[in-house]
Structures are given as structure tokens and as C-alpha cells.
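Asks: this one's sequence-less:
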């Protein structure tokens with residue numbers, strides 16, 4: 001009985017295509033998943049950045065710039081940032097931040113500073129000419145400097161009655177605006193000791209506080225816009241070695257604060273040199 005001959009099997013040289021196709025499919029799926037994950041993460045990062053920025057803005061902790069954050073996609077533009085707030089979030093935040101807080105301050109610095117400086121220089125033209133006042137610009141904002149001569153009796157914290165019309169002119173310009181204001185009291189380095197004040201610290205602080213009281217009670221400034229500080233002899237604008245220099249140092253400064261620099265109650269960040277840089281030789285505070 002004859003045996004059947006086994007047919008010779010030919011090797012399959014195309015089996016690699018199956019493995020290659022599987023590898024390409026898996027590789028394609030891997031990159032699709034990676035791309036989808038990166039897009040989701042980018043949106044989440046953008047939403048997180050927006051939420052933080054909106055929260056800080058609402059809390060008044062910094063003033064946002066007009067540019068859109070780079071991490072924010074077209075699905076969450078900065079212009080619609082406030083719309084991501086939920087009612088519960090807004091209600092909870094309202095308990096922390098008083099309604100209207102921070103809304104009076106401008107978005108970016110002092111609004112129309114050149115026009116305000118011109119108005120103040122026109123209103124104080126006589127006092128500037130007599131070297132009783134000056135208007136200058138510092139990193140903190142616009143500084144209205146009222147020197148003791150013409151506004152205060154020596155060693156007194158009470159504004160002279162003849163100076164009230166001048167203060168009324170200043171108030172008329174500043175009252176309609178929204179910037180925050182800090183009133184600073186300054187003295188020279190000559191020690192004081194009278195029945196009312198035992199040190200220059202007390203005198204400088206009392207002058208600033210009394211000016212605040214006038215702005216609130218007489219000119220109806222909103223109290224939350226104002227703050228007072230007494231610096232005694234330690235922030236001079238001139239040398240205390242001469243009588244003329246000491247006269248310049250005895251002053252009360254009304255600082256219209258730039259929100260982008262120090263905020264309404266921020267610490268004093270500018271130096272004496274930066275404030276002096278805003279003064280022109282004629283005392284008008286004009287800068288090139």
C-alpha cells in the first residue's frame with residue numbers, strides 16, 4: 001500500500017504585515033490618547049488660572065492687565081472670565097468682599113494723570129508761585145505737597161482758616177474721582193515739645209489725621225478711600241541743615257495712589273529720591 005506524499009508547505013513571508021498593522025494601530029491609538037489628554041489638561045489649566053485671577057481681582061489684591069493669559073483657550077476667553085462664577089461662589093465671595101469694594105479704583109493706574117496734575121497746578125497756582133505747595137509725580141502716584149507755611153501754625157496740627165479755600169479747591173478735583181488717597185504728615189528734625197505734642201511723631205500723625213477728618217466731615221469723601229500716615233522727620237525732601245530745607249520738610253502730602261503700585265493702604269514703597277525726581281526746579285512738579 002503506497003503512502004500519500006505530504007505536500008510541501010511554502011513559508012508565508014507576509015506574516016510580518018499582521019504584526020506591523022497591530023503596531024501601527026496601537027501607535028495611532030497612543031498618540032490620539034496623548035493628544036486628547038493634552039487638550040483636556042490645557043483647558044483645565046486655563047480654567048484654573050482664570051479662576052485664580054478672577055478671585056484675586058474680586059478681592060482687590062491686584063489689578064489685572066488687559067492681555068489674555070496665554071494658557072486660556074478660545075473656549076474660556078478672559079473677557080468672559082466673570083461668567084465662570086457660579087451663584088454659590090459669588091454668594092460666598094460676597095460675604096468676604098464688601099459690595100462695591102475696589103470698584104472705585106481704576107483698572108490700570110491713575111485715570112488721566114496729566115489732566116489731573118494740570119487742574120491741580122491751575123488751582124494751586126498762587127501757592128506754587130509762593131512756594132507754599134507743589135504738585136509732583138512719584139512711583140506711588142501724584143503727590144500734592146502742602147508746606148507748613150501758609151497752612152499751619154508752627155507746632156499746630158490744625159489747618160489755618162485761610163487755608164480752607166485752598167483745600168476746597170483740591171477736594172473739588174479729587175472728590176469725583178475714584179483713586180484712593182493717603183495723607184502723610186512730615187516734619188523737620190528740630191525736636192518739638194509743647195503742651196499738645198511731645199514729639200514730631202505725634203505732630204506729623206495728628207496733622208495727617210486732622211486732614212482726613214476734614215476731607216470726610218467737610219468735603220464728604222468716602223472714608224474707605226482714605227488713609228493717614230505720620231513719618232516725622234524721616235522722609236525729608238530737602239536737607240535739614242538749612243532753614244529753607246527745614247521749611248520744605250515741614251509739610252502734609254496728599255498722595256493720590258496709583259493702584260498698580262501700592263494699593264489703597266499699601267506700605268510706602270517709593271524712596272525720597274523717587275519723589276524728589278518728580279519735582280522741577282520751579283516747584284511745579286513738571287517732568288520732561
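Replies: All right, it came through fine. As the structure is a computational prediction, the values presented were derived from the model and not from experiment.
Asks: what about the helix or strand harbouring residue 214, average pLDDT?
Replies: Per DSSP states H and E: residue 214 is located in helix 200-217. In this model, helix 200-217 has a mean pLDDT of 95.
Asks: just stretch 229-239 next, same as before
Replies: Here the average pLDDT along stretch 229-239 is 95.
Asks: go on, stretch 133-148?
Replies: Mean predicted confidence for stretch 133-148 is 93.
Asks: can you pull out the helices in the stretch 101-250 of the chain?
Replies: 113-123, 125-129, 164-174, 200-217, 243-249 (DSSP state H, counting those that start in this stretch).
Asks: Check which residues of the longest one are buried.
Replies: Translated: helix 200-217. Within helix 200-217, the residues scored as buried using 16 or more other C-beta atoms under 10 Å are 200-212, 214-215. (Glycine included, C-beta is placed from N, CA and C.)
Asks: which among those residues gets closest to residue 255?
Replies: residue 208 (10.6 Å; C-beta to C-beta).
Asks: which ones are touching the closest one?
Replies: For residue 208, the contacting residues are 183, 184, 185, 228, 229, 230, 252, by C-beta atoms under 8 Å, 6 or more residues apart in numbering.
Asks: any idea how far the closest residue to residue 230 other than its chain neighbours lies from residue 246?
Replies: Nearest in space to residue 230, with sequence neighbours left out and distances taken as C-beta to C-beta, 6 or more residues apart in numbering, is residue 205 at 3.0 Å. Per C-beta to C-beta, to the nearest Å, residue 205 is found 19 Å from residue 246.
Asks: How about residue 188?
Replies: The spacing between residue 188 and residue 246, counted by C-beta to C-beta, is 4 Å.
Asks: what residues are shared contacts of those two?
Replies: Taking C-beta under 8 Å, 6+ apart as the criterion, residue 188 and residue 246 both touch residue 240.
Asks: list the contacts for the residue nearest to residue 230?
Replies: 185, 228, 229, 230.
Asks: Looking at the residues you listed, spot the one nearest residue 34.
Replies: Closest to residue 34 out of the contacts of residue 205 is residue 229 (56.6 Å), distances taken as C-beta to C-beta.
Asks: residues in contact with the closest one?
Replies: Residue 229 touches 182, 183, 184, 185, 205, 208, 268, counting by C-beta under 8 Å, 6+ apart.
Asks: Once you drop chain neighbours, what's closest to the third one?
Replies: This points to residue 184. Nearest non-adjacent residue to residue 184, counting by C-beta to C-beta, 6+ apart: residue 253, 4.3 Å away.
Asks: can I assume the one you found sits in a helix?
Replies: No: counting by DSSP: H, G, I helix; E, B strand; the rest coil, residue 253 is located in no helix; its state is strand.
Asks: Adding distance to residue 118, write the contacts of residue 205 out as JSON lines.
Replies: Converted to JSON lines, these look like this (distance: C-beta to C-beta, whole Å):
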{"residue": "185", "distance to residue 118": "27"}
{"residue": "228", "distance to residue 118": "27"}
{"residue": "229", "distance to residue 118": "27"}
{"residue": "230", "distance to residue 118": "30"}
